[in-house]
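# Next come a sequence and a model predicted from it.
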Amino acid sequence: MLRGLYTAAAGMTTQQRRHDTVTQNIANMNTPGYKQENSVQRSFPEMLISMTGGNPDNPDRTVGKLNTGVFAEESLSPYIQGALKDSGQATDFAIQSNISVNDPATGQPMAFDQAGKFVNANGEVTYRPEAFFTVRDNNGNVRYTRDGHFRVNGAGALLSSTGSAVLDTNGNPIRLTGAVSALKVNERGELVDSQSNQTLGTTLGISVIDRPYQLVREGNGNFRLNDTDGATARMMTANDAVSVRQGYLEVSNVDAAQSMVDMMAALRAYEANQKVIQFYDKSLDKAVNEVGRV
């Protein structure tokens, strides 16, 4: 009986975390560059139950499998391209990324699914590389973001919405020498002269992450890479299908309708597990206070 209590309690905890993930997505629907999170549930290992004692020659000693509950294993972010919104601000930028990877077995581009995943005939998984702005926080750490809502401080430094320095392709902070209204960036992320359209020798640092699912979310729209995860970051090349749109922001890729459905489903599942615990509580109460007096 106590095992049923533990299983129901595990279900409640899992649905609570699922609910928290969905509400976080809903709260960030209007956050530029936000990538929604999906909670992944997994069951605990099942146990095979068999009889003990009795006739050892009994061929039907196996009772069956016993499930021991579920838990929220992790949260994954599908890096689906968000829609672009015209902001009209010269310091706002959006990345459009559709990088293709050729299958070594066929030489043809991989057919990535909606989540950016490709599985070949051998079961090997490849993820679509994704492009990110490269920034450096106040502690000197390099981070990656899709939030292109930048600003320029009094010293002419280009900063992210959280105050991190926006880096160029050489890893140096970008500083503007002219007026902000004269800032012009082409589709390759190169800063150009607004009068002559000549490049100024500075390019926005657009990093391409080969395994975006290895990125660790830090909050405020920033991601980092762990050296132990095996994922690498490189600067965008001319062959990458990546473009930069000035005066636009990438809106979040949160599906509002699906988020509401997921939130209600998590709530109903939580209530169902709650009813199970109440049933076990009443059964234990009867066993202790009524059956025990007989």
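Great, that's in hand.
# so A8 touches E271, yeah?
No. Counting by Cβ atoms under 8 Å, A8 sits too far from E271 to count as a contact (11.3 Å). Where you see a C-beta, it was placed from the backbone N, CA and C, and this is true even at glycine.
# Name the residue in those two with the higher neighbour count.
A8 (20 against 12; other Cβ atoms under 10 Å).
# Flag every buried residue along stretch 145-165.
145-150, 152, 158-162, 164-165 (16 or more other Cβ atoms under 10 Å).
# Report the two of those separated the most.
R146 and V152 (19.8 Å; Cβ to Cβ).
# mind checking the end-to-end distance for stretch 222-235?
17 Å (Cα to Cα, to the nearest Å).
# and it, which residues are buried?
Applying 16+ other Cβ under 10 Å to stretch 222-235 flags 222-223, 225, 231, 233, 235 as buried.
# Show me the residues you listed that map onto strands.
Secondary structure from DSSP state E places 222-223, 233, 235 of the buried residues of stretch 222-235 in strands.
# For the residues you listed, could you give me JSON lines that also reports distance to D103?
Below are those laid out as JSON lines (distance: Cβ to Cβ, whole Å):
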{"residue": "N222", "distance to D103": "32"}
{"residue": "F223", "distance to D103": "27"}
{"residue": "A233", "distance to D103": "23"}
{"residue": "M235", "distance to D103": "24"}
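# Now distance to D86 and pLDDT too, for the residues you listed, in CSV please.
Formatted as CSV, those follow (distance: Cβ to Cβ, whole Å; pLDDT from 0 to 100):
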residue, distance to D86, pLDDT
N222, 25, 93
F223, 26, 93
A233, 29, 89
M235, 27, 93
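# quick check, nearest of those to V40?
F223 (18.2 Å).
# got the contact list for that closest one?
By Cβ atoms under 8 Å, 6 or more residues apart in numbering, F223 lies in contact with 132, 143-145, 215-217.
# If we ignore the residues flanking it in sequence, what's nearest the residue positioned nearest the centre of the chain?
The structure's the chain has its C-alpha centroid closest to S77; by Cα atoms, centre = their mean the separation is 2.2 Å. In space, and not counting its chain neighbours, S77 is closest to K35: 4.4 Å by Cβ to Cβ, 6 or more residues apart in numbering.
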